[in-house]
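Student: The amino acid sequence is not available; the structure is as follows:
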Ligand code: 13P
Ligand code: ZN
């Protein structure tokens, strides 16, 4: 543990970072976070005070690789690149850092606690935060993880077709549509950490998905906070596990009927 932290005497900010650490522990326990797999960023701007704004950077300004105008004056907590979720769960400020956007929204600099370089998926995370702010969305968290059963689905053309996996996953158990009402968007394979992947992710979120599948890689989820983003991925992966359990018992699961799905959508006032 570090001795002094920017989180000292900032209980609201600390509570948000503690949520990231709690979710990081769940990702490890679920087997979704091998080695350094996955990353989390949260927009912490609303918890930044004048004393924080006055702090000097602890490293040089680093190019983001693109200009993200909505991020002017924004601050983020980011998992560190190469850092393990299981380590972050124990000590979030030694395995991630707080950054601020500077220089006409083209660079970031690390402010605290330690010079831990942010995740390699920063282009996707920051582009998505930029998109969310432009839309006036209340979402402040983005989560990328490698859930085993959901990733397995993407190794089949059938499940990569638009909304085919969504319909199957929703029909496994009523909670899935209730708690992931926009379903699962699909993004074809692209190089991890690339700007192309970031742009494709935004196109999928713009089609009205909160959770987007990166083919043969993982999911990218957005929500108001990191716990809610995790919950959406968790219910989807639970459905994938039920599907696989049924197949392992030797049959194709029936799934809820169209009538049952409609009744659920009406009762819970769900979209689509
Ligand atoms: P980082 O360690 O750079 O966050 O990368 C992990 C990952 O899952 C890349 O897609
Ligand atoms: Zn990944």
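Tutor: Arrived safely, thanks for sending. Since this is a predicted model, take the numbers as computed values, not measurements. Ligands and ions are numbered 1, 2, ... in the order given.
Student: Do you have the strands of the protein handy? List them.
Tutor: Secondary structure of the chain (DSSP state E): strands at 39-43, 62-63, 75-79, 96-102, 107-112, 141-145, 184-187, 211-214, 218-223.
Student: Can I get those in a markdown table including mean pLDDT?
Tutor: Converted to a markdown table, these look like this (pLDDT from 0 to 100):
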| stretch | mean pLDDT |
| --- | --- |
| strand 39-43 | 98 |
| strand 62-63 | 96 |
| strand 75-79 | 98 |
| strand 96-102 | 98 |
| strand 107-112 | 98 |
| strand 141-145 | 98 |
| strand 184-187 | 98 |
| strand 211-214 | 98 |
| strand 218-223 | 98 |
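Student: Was I right to think residue 109 contacts residue 115?
Tutor: No - taking CB atoms under 8 Å as the definition, residue 109 is not a contact partner of residue 115, at 10.2 Å. For every residue, glycine as well, the C-beta is placed using N, CA and C.
Student: overlap in contacts of these two?
Tutor: residue 59 (CB atoms under 8 Å, 6 or more residues apart in numbering).
Student: which one of the two has more residues nearby?
Tutor: residue 109 (16 against 12; other CB atoms under 10 Å).
Student: Quick one: residues contacting the more buried one.
Tutor: 57, 59-62, 99-100, 102.
Student: Drop anything exposed from the residues you listed.
Tutor: Neighbour counting with 16 or more other CB atoms under 10 Å marks 62, 99-100, 102 as buried within the contacts of residue 109.
Student: Now the two most distant members of those residues.
Tutor: 62 and 100 (11.6 Å; CB to CB).
Student: Tell me the residues that contact both of these two, please.
Tutor: 108-109.
Student: To residue 265, which of the strands of the chain lies closest?
Tutor: The closest of these to residue 265 is strand 184-187. By CB to CB, the value is 16.4 Å.
Student: follow-up on the earlier one: export the strands of the chain to CSV and tack on distance to ligand 1?
Tutor: CSV is the format used below for the strands of the chain (distance: least, CB to the nearest ligand atom, whole Å):
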stretch, distance to ligand 1
strand 39-43, 4
strand 62-63, 14
strand 75-79, 5
strand 96-102, 10
strand 107-112, 15
strand 141-145, 6
strand 184-187, 13
strand 211-214, 8
strand 218-223, 6
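Student: Now render those strands as TSV, adding distance to residue 25.
Tutor: Below are these laid out as TSV (distance: least, CB to CB, whole Å):
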stretch	distance to residue 25
strand 39-43	12
strand 62-63	29
strand 75-79	13
strand 96-102	14
strand 107-112	22
strand 141-145	12
strand 184-187	24
strand 211-214	20
strand 218-223	17
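Student: looking at those strands, which is closest to residue 200?
Tutor: Residue 200 lies closest to strand 184-187 among the strands of the chain, at 4.6 Å (CB to CB).
Student: helices or strands next to that closest one in the packing?
Tutor: helix 164-170, helix 195-206, strand 211-214 (3 or more CB pairs under 8 Å, 6 or more residues apart in numbering; DSSP states H and E).
Student: and residue 24, what is it in contact with?
Tutor: The contact partners of residue 24, by CB under 8 Å, 6+ apart, come to 33, 40, 79, 85-86, 88-89, 92.
Student: ok, of those residues, which one's closest to residue 161?
Tutor: residue 33 (28.3 Å).
Student: Give me the distance between that closest one and ligand 1.
Tutor: Going from residue 33 to ligand 1 by CB to the nearest ligand atom, to the nearest Å gives 8 Å.
Student: could we number from 51 for the rest of this?
Tutor: Yep, numbering from 51; the last one is residue 83 now.
Student: Please list the residues of the chain that sit near ligand 1.
Tutor: Counting by CB under 6 Å from any ligand atom, the chain comes close to ligand 1 at 86-89, 129, 131-132, 169-171, 194, 242.
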